[in-house]
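Asker: Provided below are the primary sequence and the corresponding predicted coordinates.
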Amino acid sequence: MTAIDTSYIAGVRRQRESKSRRVTLGLVLALVLASAAALTLGDFPVPPEEIIRSLFSPLTGLTNKGVDFIVLQVRVPRLFLALLSGAAFGLSGIIFQTLLRNPLASPDIIGIAHGASAAAVFCIIVLGWTGLAVSLGAFAGALLTAFAIYILAWRNGVTAYRVVLIGIGAAAMLSAVISYLFTRARLFEVQQAMAWLVGSLNAARPGDSIVLAAMLVVTLPLLIILVRGLDGLELGDDTAHALGTRVEQTRLGLMIAGVALAAFATAAVGPVGFVAFVSGPIARRLMGGAGRGIPQAGLVGALVMLVSDLLAQHALPNMQLPTGVVTGGFGAVFLLWLLVVSGRSGRVN
Amino acid sequence: MTQNHQLMAAGLHLGYADREIVSDLNLNVPAGKLTVIVGANACGKSTLLRGLARLLTPTKGAAYLDGKPIHQMPTREVATLLGVLPQSPIAPDAITVADLVGRGRYPHQGWFRRWTPEDDAAVAEALGATDMGELADRPVDELSGGQRQRVWIAMALAQQTDLLLLDEPTTFLDINHQVEVLDLLTDLVKERGRTVVVVLHDLNLACRYADHIVAMKSGKIVTEGRPVDVMTEAVVREVFGMTSRIVVDPISDTPMIVPIGRHHVEKAVA
C-alpha cells in the first residue's frame, strides 16, 4: 500500500474534464462555421451583412422581401433541420452503441431504420399517402420494429448480443418487405419511395424542424436523467447491478430514448444512412478516453449531417444530390477504415 | 467503517429457469474475516456468491443483510454497504484507470453527478491500497492482467463498503499476481476490518489465506470452518472426487493438499 495524494487524483480528473470541454468547444465552433457557410452558400448570392440583417429582421423590422424569403424560409429551415436531425441520429447511434457495447449496433444497422423505411414505403405504395402522413407512418414503423426486437430478444432480461443478432435479422426481413412492395408498385410510386429512402433535406419546411425540436425537448430530459446509468451498464450487467444501477429499467428507458430519437429524425428527413453509425466512434476518438462522448456524438452528428448536406447541394455544379448519397459514401469509407483499424488491433472500436 | 454489517443466507434456493443450482443453503458470513468458498466446477459456488450479492433473485428463501432480505432492499442502498466484483466485468475501450475506479463512487453520488472532494479521496485511497497510483491516468487496456485485476478491485474499494464479495478474482493471473491479490484482500480484513467473501479455484491458496473456508458440492455446503480444522482427505475426496494427501504447508502451517492421480504416485500408499 502506498499513500496517494488526493490532489493528484483531482488533477487527473480535471485534466479529463478539460479535454472533454476542449472537444465540445471545438465541435461547437466547427458547427458555427458550417452553419455560417450553409446560410451564405447558394445560387442566390446574399452578402454576409444582408444575412445578419435578415436574421434579425423580425426584431429590427428592417425587411427585404426577396432576401428574407431566401434566408428565413429556405436556408434557415434547412439548416435547423440538418442540425436537429443530425444531432438526433448521432445521439441515438451512440446510445445504442454504448448500451449494446458494439459499434455496429447503431439503429441504422440493427433494423430500426429499416422498420421506418418499410413502413414509409408501405404508406407511399399501398396506402398512397404523401408528406407528413408518411413521416408519421415511418415513426410508427420504427417504434414497432424496436418493440418487436426487444420482445424477441427477451429471455429473462435482454442481452446486448441477442439484440444485435435479432436486429440484423429484422433488418434483412424488412429489406425483403421493401423489395416485395417495389415489385408490386407503379414506376411513379417507386420513384417517390426511393426518394424518401435515400433521405434528403431538399423538402425542408419550417414546420419540420419545429416538430423535431419539440420531440427533442421531450426526449432530452429522459436521456439526461438516464445517461448516468451508463456509468455502471458499460461495465457489464452484474457490475452495474453491484453498483446499485437498476439494470433493466435503465436499459429499457435508454432504449426508448434512443429509438424515439432515431424515429423522430427518420420521420423528418428519411433514413439518412450512416450518420447514427459514424457519430459515436468519431466522438469517442476525439475524446480519447476523456469520457463517453455522448453529447459530443450529438454535435458530431449535427456536423456530419450539415457538412454532408452542404456537399450534396454545392459539390457538383448545377446538380443537387440527396443528402443520403453523401452520408452513404462517407459512411462506407468510414466503415472500411473502422474494419481495417480494428483488424489491426484485434478488436472492434 | 467501524461498524460491521452482517450477511447471511437462510433456506436459500438459487437457480436459472427450472434448473436448481443451490438448494436450501444456510450460511453465516463471519464479520471482519476472510471467507473463501471452494468446490469443483459447477458446484454452485459462483451462483451462491451472486445470490448473496443480490445479483440473482432466489427461487426460495433469502439472503439477509443486517437481518433484511437483501433482494427487497433498494439496490442503491445495498451498494453503499456491499461491494461485488463479478467474474467477468467489462472495461469500456480507452477508459483510464482513475475513471474506471471512480465508477465505484456511483452509489454515493446523486442523480446529477456532483464530484466531491470525498469522491477524489476515496479514489486516491483505493488506488493507494492497490498500488496503482502511478497508473491513474493510463488507459486500462494497456495494463497487464494482474494490474487490470487490481484496478477492478480498486473500483470495488472506492465503493467503500464494509462487505466485499469477489468471484474468482485470481483466475487467469500468474501465481505471483494471485498471491498479490490475496495479500491485498488480507490487508483489507486485517487493517481495515472489512468482511471479505471470495470464490477461489486454488485449494492450497484458499487454505492458506482463508479465516473461514466453505466447501461446496452440488449446491450444498459439505463443511465449513477454519481450514486447519475442516480440510481433511475425506472432505477433499467428497468435494472433488479425488484422493489426496494432506500435509502441512511449510510456510504457513495451514493444510496443503497434494493430489493423487493415476500416474507418478510411486510414494502413495493405498
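Answerer: On my side now, so go ahead.
Asker: just the closest residue of the stretch 51-200 of chain B to chain A, please.
Answerer: Nearest to chain A, among the residues of the stretch 51-200 of chain B, is B:Ala79, at 3.0 Å (C-beta to the nearest C-beta). To be clear about C-beta, it is placed using only N, CA and C from the backbone, and glycine gets the same treatment.
Asker: quick check: pLDDT value at that residue.
Answerer: pLDDT, B:Ala79: 94.
Asker: could you find the closest non-adjacent residue to it?
Answerer: Spatial nearest neighbour of B:Ala79, chain neighbours left out: A:Gly244 (3.0 Å); criterion: C-beta to C-beta, 6 or more residues apart in numbering or on different chains.
Asker: report the mean confidence score over the one helix or strand A:Thr250 maps to.
Answerer: Under the criterion of DSSP states H and E, A:Thr250 resides in helix A:247-269. Summarised as a single mean, pLDDT over helix A:247-269 is 89.
Asker: quick one, helices of chain B?
Answerer: Along chain B, the segments classed as helices by DSSP state H run B:45-52, B:75-79, B:97-102, B:117-129, B:145-158, B:175-192, B:203-209, B:227-230, B:233-240.
Asker: quick one: list the elements packing against the last one.
Answerer: So the one you mean is helix B:233-240. strand B:212-217, strand B:220-225, strand B:244-248 (3 or more C-beta pairs under 8 Å, 6 or more residues apart in numbering or on different chains; DSSP states H and E).
Asker: chain A: which of those strands is closest?
Answerer: Closest among these, using C-beta to the nearest C-beta: strand B:212-217, at 19.9 Å.
Asker: check the gap between B:Glu77 and A:Ala268 for me.
Answerer: B:Glu77 sits 43 Å away from A:Ala268, going by C-beta to C-beta, to the nearest Å.
Asker: name the residue in the two with the higher neighbour count.
Answerer: A:Ala268 (24 against 13; other C-beta atoms under 10 Å in any protein chain shown).
Asker: which residue lies nearest the spatial centre of the chain?
Answerer: If you meant another chain, say so; for now it's chain A. With distances taken as C-alpha atoms, centre = their mean, chain A has A:Phe89 as the residue nearest its mean C-alpha position (0.8 Å).
Asker: look at chain B instead
Answerer: Closest to where the C-alpha atoms of chain B average out (C-alpha atoms, centre = their mean) is B:Val198, at 2.1 Å.
Asker: show me what contacts B:Gly51?
Answerer: By C-beta atoms under 8 Å, 6 or more residues apart in numbering or on different chains, the contact set of B:Gly51 is B:9, B:12, B:14, B:22, B:58, B:63.
Asker: near chain B, which residues of the stretch 151-300 of chain A?
Answerer: Residues of the stretch 151-300 of chain A that fall close to chain B, judged by C-beta under 8 Å from any C-beta of the partner chain: A:156, A:225, A:228, A:231-232, A:234-236, A:238-239, A:241-246, A:284, A:287-289, A:291-292.
Asker: again, 7 Å this time
Answerer: For the stretch 151-300 of chain A, the residues in contact with chain B (C-beta under 7 Å from any C-beta of the partner chain) are A:225, A:228, A:231-232, A:234-236, A:238-239, A:241-244, A:246, A:288-289.
Asker: secondary structure class for the residue of the stretch 151-300 of chain A found nearest chain B?
Answerer: Across the stretch 151-300 of chain A, no residue is closer to chain B than A:Gly244, which sits at 3.0 Å (C-beta to the nearest C-beta). What DSSP: H, G, I helix; E, B strand; the rest coil gives for A:Gly244 is coil.
Asker: that one contacts B:Arg76, correct?
Answerer: Yes - the criterion here is C-beta atoms under 7 Å, and A:Gly244 meets it with B:Arg76 at 3.7 Å.
Asker: what about these two, which has more around it?
Answerer: A:Gly244 (19 against 14).
Asker: what does that one show for phi and psi?
Answerer: Backbone geometry at A:Gly244, expressed as degrees, to the nearest 10, gives phi 90, psi 20.
Asker: pLDDT below threshold where in chain A?
Answerer: Along chain A, the model assigns pLDDT under 70 to residues A:1, A:203-204, A:342-349.
Asker: remind me, longest helix of it?
Answerer: In chain A, taking DSSP H as the definition, the longest helix is helix A:6-40.
Asker: straight-line length of stretch B:122-135, end to end?
Answerer: Terminal residues of stretch B:122-135 are spaced 16 Å apart (C-alpha to C-alpha, to the nearest Å).
Asker: pull out the buried positions in it.
Answerer: Neighbour-count burial for stretch B:122-135 flags B:122-133, B:135 (criterion: 16 or more other C-beta atoms under 10 Å in any protein chain shown).
Asker: who touches it?
Answerer: When contacts are defined by C-beta atoms under 7 Å, 6 or more residues apart in numbering or on different chains, stretch B:122-135 is touched by residues A:1-6, A:9, B:97-98, B:101-102, B:104-105, B:136, B:143, B:147, B:150-151, B:153-154, B:157-158, B:160, B:184.
Asker: pretty sure B:Leu85 contacts B:Ile153?
Answerer: Yes - between B:Leu85 and B:Ile153 there is a contact at 6.4 Å, judged by C-beta under 7 Å.
Asker: just the CA trace of stretch A:102-118, in CSV.
Answerer: C-alpha atoms of stretch A:102-118 as CSV (Å, rounded to 0.1, in the frame of the first residue of the first chain):
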residue,chain,number,x,y,z
ASN,A,102,-20.9,-2.8,-30.1
PRO,A,103,-20.0,-0.1,-32.7
LEU,A,104,-22.1,-2.0,-35.3
ALA,A,105,-25.2,-1.7,-33.1
SER,A,106,-26.4,1.7,-34.4
PRO,A,107,-30.1,2.0,-35.3
ASP,A,108,-29.4,2.1,-39.0
ILE,A,109,-27.8,-1.3,-38.8
ILE,A,110,-30.0,-3.2,-36.3
GLY,A,111,-33.2,-2.8,-38.1
ILE,A,112,-34.8,0.3,-36.6
ALA,A,113,-34.2,2.5,-39.7
HIS,A,114,-35.4,-0.5,-41.8
GLY,A,115,-38.6,-0.6,-39.9
ALA,A,116,-39.2,3.1,-40.5
SER,A,117,-38.3,2.6,-44.2
ALA,A,118,-40.6,-0.4,-44.7
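Asker: element containing A:Ala113?
Answerer: Going by DSSP H and E, A:Ala113 is in helix A:112-125.
Asker: and the next helix or strand after that helix, how far from the chain's centre?
Answerer: The helix or strand immediately downstream of helix A:112-125 is helix A:132-153, counting by DSSP H and E. Centre-to-centre, helix A:132-153 and its host chain are 16 Å apart (C-alpha atoms, centre = their mean, to the nearest Å).
Asker: how about the residue of the stretch 51-200 of chain A found nearest chain B, phi and psi?
Answerer: Closest to chain B within the stretch 51-200 of chain A is A:Arg101: 6.7 Å, counting by C-beta to the nearest C-beta. With angles defined as degrees, to the nearest 10, A:Arg101 sits at phi 50, psi 40.
Asker: so it makes contact with A:Ala160?
Answerer: Yes - between A:Arg101 and A:Ala160 there is a contact at 5.3 Å, judged by C-beta under 7 Å.
Asker: quick one, what contacts the residue nearest to the centre of chain B?
Answerer: B:Val198 makes contacts with B:36, B:166, B:169, B:185, as judged by C-beta under 7 Å, 6+ apart.
Asker: cool, thanks, signing off.
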